[in-house]
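Q: sequence below, structure please.
(2 chains)
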Amino acid sequence: MSVSGPQPLSFRDGVVASVRVKWLILKTAMEERLVYRGDFAFATLVRFLPIVTQIFLWNAIFSGDTQRQLNGYSYAGMVSYYLLVMLARAFSSMPGLANGIAMSVRDGSVRKYLLQPVDMLDYLFWHRIAHKLVYYAIATGPFALVFWLCRDYLPAWPQTLVLYAWIASLLMAFLVGFLIETLIGLVSFWFLEVSSLIFIYMMMSYFLSGHMIPLEWIADWIPWVYYLPFKYLAYFPAAVLLGRVPLESLPLELGVQAGWIVVLFVLNRVAFHYGVRRYGAFGG
Amino acid sequence: MPAIEVENLGRTYRVYQKKEGLFASLRGLVHREYREIQAVRDVNFTIDDGEMVAFLGPNGAGKTTTLKLLSGLIVPTSGTATVLGHVPWKREDAYRRRFSLVTGQKEQLWWDLPAQESFRLHKEIYRVSWDDYRHRLDELTELLEVQHLMGQPVRELSLGERMRMELIAALLHRPDVLFLDEPTIGLDVVSQRNVQKFLLKYQKEQGITVILTSHYMKDVEALCDRAIVINKGTVVHDGLLDDIVDRFSQHKIIELHLASGDSPHGIEQYGVVLEDRPPMLRLQVEKQKVSQVLSRLLAEYVIEDVSVSERPLEDVIAELFASDHRSER
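A: Sure, this is the predicted structure:
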């Protein structure tokens, strides 16, 4: 053994090594996810129940009148909005992420990320991608079935440009959702208990993301709702595909979404930097 | 060149002082009182490349805090330290690839998967080549006798088996420095001995630098020659393990084998009777009086055999810490 360490890798080898780490985190996390396959499959299927009840609910609200308009949404428009919002949520919702970080800070297992030559947020990111991939593998079938059953309510196939914008908005919805939840999780470096914070976030985002009702309905009371990052979690991708965002404003809107990702990313880095310095104030 | 250098290292914690009762809890919502605890203060020591050193001290003495500082988990409030030329709390990857911290808690293994999956991930994280990986894994699983458990989910392993898996995870990248914080806590005697034997052999072969904390003096005696005793956050002894007994023990043990089978009368005046199993008798005598007591015993009783020995390290340490607790009150 020598006190001087091994030679550092060249840039190219370093990149290859780091890609291999990400791939292995992804692979291992997928294996872990599949351990409890029964529970997982059941949970995934149960998540489709609210979609069905929600469609019945809107049917009751519109009293079965297909011609009726409510604040600019017909019954068919409402159903398709709701289905697309659910699809966006499949990308942006992060069950257990913030709570998981808080728990690992509380029980000390967060040490793993500090002791090993890994980046905690990067590790969690690939871990979450694995969760999502396994989820999509199971949920694609039921989602396709629901969309097929509701095919008469859906609008015509959009033009290619809109389709691309929609895909971009979905992928970025994943990032916005991920970064908001990790940021809340990192607050646990200061306050060990963040479950009420998570609860408040859930409530707010259900409302302000357009998950509950279209944002146009809320904007009458809260005009600044469009300037918050929450709309990118649900409303925005749906609005893009439904043609509610004019073509000429698509680049700007997508740019703002990307801007939020940058802001949230920086906030995460800052929170991690200072949070880790706070850490260790707990326990001897 | 020393592997570990610690200079005037200090760490203070601020802890919330909660008084008893609901009213105090409500008051705590508005106004909180904090107390500063100096977990570590002015700690100095140097550890050479390839040394295996024990950290001893009662609970809350600052051992774990020192290890946390050296592994970069926490930042000190004063002083400096370098390990392998790195400042630990900068948490550079170049440093993190070269050390491991093993504690009695579940730490690095994926709970729901077999340990080998975690090892594979470690291989990539620590950039171990395939050849080295296979070679080390074979070697470690054989030494720790866990080959047959490699395919079993970690949650289904016993505590001792899991601890051995944690050790493998900690050693796969062949760290140059190893911090062991109570590595045998909660293990049965057989597992304890296995882990001890393994650590001794491994350290000899690899020449790695090791700091070990343990409440089991058996661990410490089996593994380390040098000990750093920490109490109330400061180093009170740094030297050979054997010197601890010399320095801190005020007593020696005299063992007598008497010719007659009866307990002799009046023997209590010479010291504390530790064991009285005629014809054997063990007496604890003040160090400076040993020769005086011996000559008087030999004059007074018919003795077949006599021996004088040091007190066991365990007792001396226990006494050292206990006297400290008393003086605190």
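
Q: am I right that residue B:121 is in contact with residue A:23?
A: No. In this structure residue B:121 lies outside contact range of residue A:23 using C-beta atoms under 8 Å: 10.2 Å. Backbone N, C-alpha and C define where each C-beta goes, glycine included.

Q: more neighbours: those two, which one.
A: More crowded of residue B:121 and residue A:23, by other C-beta atoms under 10 Å in any protein chain shown: residue B:121, with 23 against 12.

Q: just give the number of residues close to the residue of the stretch 51-200 of chain B found nearest chain A.
A: Residue nearest to chain A within the stretch 51-200 of chain B: residue B:74 (3.1 Å; C-beta to the nearest C-beta). Close neighbours of residue B:74, defined as other C-beta under 10 Å, add up to 25.

Q: mind listing what it touches?
A: A:279-280, B:11, B:65, B:68, B:89 (C-beta atoms under 8 Å, 6 or more residues apart in numbering or on different chains).

Q: narrow those to those in helices?
A: B:65, B:68 (DSSP state H).

Q: the stretch 101-250 of chain B: helices as residue ranges?
A: For the stretch 101-250 of chain B, the helices defined by DSSP state H, counting those that start in this stretch cover B:115-125, B:130-143, B:159-171, B:189-206, B:217-223, B:241-248.

Q: now for the second one, which elements pack on it?
A: I take that to be helix B:130-143. helix B:115-125, helix B:159-171, helix B:189-206 (3 or more C-beta pairs under 8 Å, 6 or more residues apart in numbering or on different chains; DSSP states H and E).

Q: need those helices in JSON lines (columns: distance to chain A).
A: Compiled in JSON lines, the helices and strands packed on helix B:130-143 are given as follows (distance: least, C-beta to the nearest C-beta, whole Å):
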{"stretch": "helix B:115-125", "distance to chain A": "5"}
{"stretch": "helix B:159-171", "distance to chain A": "9"}
{"stretch": "helix B:189-206", "distance to chain A": "7"}
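
Q: in which helix or strand would I find residue 39?
A: Using chain A. Per DSSP states H and E: residue A:39 is located in helix A:37-46.

Q: wrong one, chain B
A: strand B:33-48.

Q: for the helix or strand following the helix holding residue A:39, which outside residues touch it?
A: Using DSSP H and E, the helix or strand that follows helix A:37-46 in sequence is helix A:49-61. Helix A:49-61 is contacted by residues A:70, A:75, A:78-79, A:82-83, A:86, A:146, A:150 when judged by C-beta under 8 Å, 6+ apart.

Q: so which of those residues sit within strands?
A: residue A:70 (DSSP state E).

Q: nearest to chain B among the contacts of helix A:49-61?
A: residue A:86 (28.9 Å).

Q: ok, that closest one - contacts?
A: Counted by C-beta under 8 Å, 6+ apart, residue A:86 has contacts residue A:51.

Q: one step back: which pair of the contacts of helix A:49-61 spans the longest distance?
A: By the measure C-beta to C-beta, A:70 and A:146 form the most distant pair in these, at 22.0 Å.

Q: mind checking how far the residue of the stretch 51-200 of chain B closest to chain A is from residue A:71?
A: 55 Å (C-beta to C-beta, to the nearest Å).

Q: with residue B:42 instead?
A: 70 Å.

Q: same question, residue B:283
A: Counting by C-beta to C-beta, the gap from residue B:283 to residue A:71 is 96 Å.

Q: for those two, work out which one has more neighbours and name it.
A: residue B:283 (23 against 11).

Q: and that one, what are its bridge partners?
A: Judged by DSSP bridges, the bridge partners of residue B:283 are residue B:254, residue B:273.

Q: other SSEs contacting the host helix or strand of residue A:272?
A: According to DSSP H and E, residue A:272 maps onto helix A:250-278. In terms of contacts (3+ C-beta pairs under 8 Å, 6+ apart), helix A:250-278 is packed against helix A:120-149, helix A:160-186, helix A:235-241.
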